[in-house]
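K.L.:
Okay, sequence plus prediction incoming.
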Amino acid sequence: PICQHCDEGEKAVSSCSECAIFLCDFCEKSHQRAKATKSHKIYTLDEMQKVEIPAVIREKVEMCPAHPAKPLELFCKCEDVLICYECTVKKHKNHDYDIISDVVENEKKILKGALPGIQQQIDEVEIAVGGVKGRRHDMKIQDDLNLQKLDREFDILHAALDQRKKELREQLSSESKQRDKVLQIQEDELSVLLSQLKSCW
């Protein structure tokens, strides 16, 4: 591999685990002297073959669109974009930026700090969901009981109406028979009278 930190096309002798780029001998020494990168862990190419290196080092490093020979190593906080060191000279001059790995670690800490609050919200929502489910269950039981009560009450009403209907029919039938009996007596008496009158004629 060739150095990904400079444009000289020098053969790489090591790799930075933080920046995930290959370095030539000159850039390695510069990397170890620079304040922003001197704490980074650097592996020689031989070490990369012998020890377990973070997978990101083995992957193809994304290069800067504005400077194709430069890897994206920084994060511009002003514009929320990844940039290379050369971008800080012109377009992103005086912007607030940081090394990508440091930004990632900071975001991890922020997320980790937010987890307890998120878990608390999850617990509260789960309790609320359980409460709603419980109320729905209780409501369904009560609705079923109300429907059963309604059916019983209407059954009783139907039975009472049927009984009343039977009583009224019997009463009407009895009264009808009584009236018919009276009329029958009147008819018989009148028939007798008619016969008597005709016999006198």
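P.N.:
Yes, it's here. Predicted model only: the values in this text are computed from it and were never measured.

K.L.:
can you give me the helices in the chain?
P.N.:
25-33, 45-50, 55-58, 100-200 (DSSP state H).

K.L.:
how about these, which one is nearest S14?
P.N.:
When the helices of the chain are compared by C-beta to C-beta, helix 25-33 sits nearest S14, at 5.0 Å. All C-beta spots, glycine's among them, are computed from the backbone N, C-alpha and C.

K.L.:
Mind telling me which of the helices of the chain the model trusts least?
P.N.:
Note on those: lowest mean pLDDT is at helix 55-58, with a mean of 46.

K.L.:
Out of the helices of the chain, which one sits most buried?
P.N.:
Burial of the helices of the chain is given as mean neighbour count (mean count of other C-beta atoms under 10 Å); helix 25-33 ranks first at a mean of 15.

K.L.:
before we move on, the earlier item: now the helices of the chain in a markdown table, with distance to E18?
P.N.:
A markdown table is the format used below for those (distance: least, C-beta to C-beta, whole Å):
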| stretch | distance to E18 |
| --- | --- |
| helix 25-33 | 10 |
| helix 45-50 | 14 |
| helix 55-58 | 9 |
| helix 100-200 | 4 |
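
K.L.:
quick one, which of those is nearest to I2?
P.N.:
helix 25-33 (10.8 Å).

K.L.:
other SSEs contacting the closest one?
P.N.:
strand 42-44 (3 or more C-beta pairs under 8 Å, 6 or more residues apart in numbering; DSSP states H and E).

K.L.:
Please identify the pairing partners of the strand it packs on and their relative orientation?
P.N.:
Here strand 42-44 has these sheet partners by DSSP bridges: strand 14-16 (antiparallel).

K.L.:
And the contacts of the partner strand?
P.N.:
Outside strand 14-16, the residues within contact range by C-beta atoms under 8 Å, 6 or more residues apart in numbering are 21-23, 28, 31, 37, 40-45, 48, 53, 57.

K.L.:
just stretch 81-101 next, same as before
P.N.:
Residues contacting stretch 81-101 (C-beta under 8 Å, 6+ apart): 18-19, 36-37, 62-64, 66-67, 70-79, 106.

K.L.:
Mind listing what's buried along it?
P.N.:
Residues V81, L82, I83, C84, Y85, C87, H92, Y97, I99, I100, S101 are the ones in stretch 81-101 that count as buried (16 or more other C-beta atoms under 10 Å).

K.L.:
farthest pair in those residues?
P.N.:
So, the buried residues of stretch 81-101 by C-beta to C-beta: farthest apart are H92 and S101, at 18.2 Å.

K.L.:
quick revisit: among the contacts of stretch 81-101, which lie within strands?
P.N.:
Mapping those onto strands (DSSP state E) picks out L74, F75, C76.

K.L.:
Please produce TSV containing these, extended by pLDDT, distance to L168 and neighbour count.
P.N.:
Output for those, formatted as TSV (pLDDT from 0 to 100; distance: C-beta to C-beta, whole Å; neighbours: other C-beta atoms under 10 Å):
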residue	pLDDT	distance to L168	neighbour count
L74	89	99	24
F75	90	94	21
C76	92	96	18
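
K.L.:
Appreciated, that's everything.
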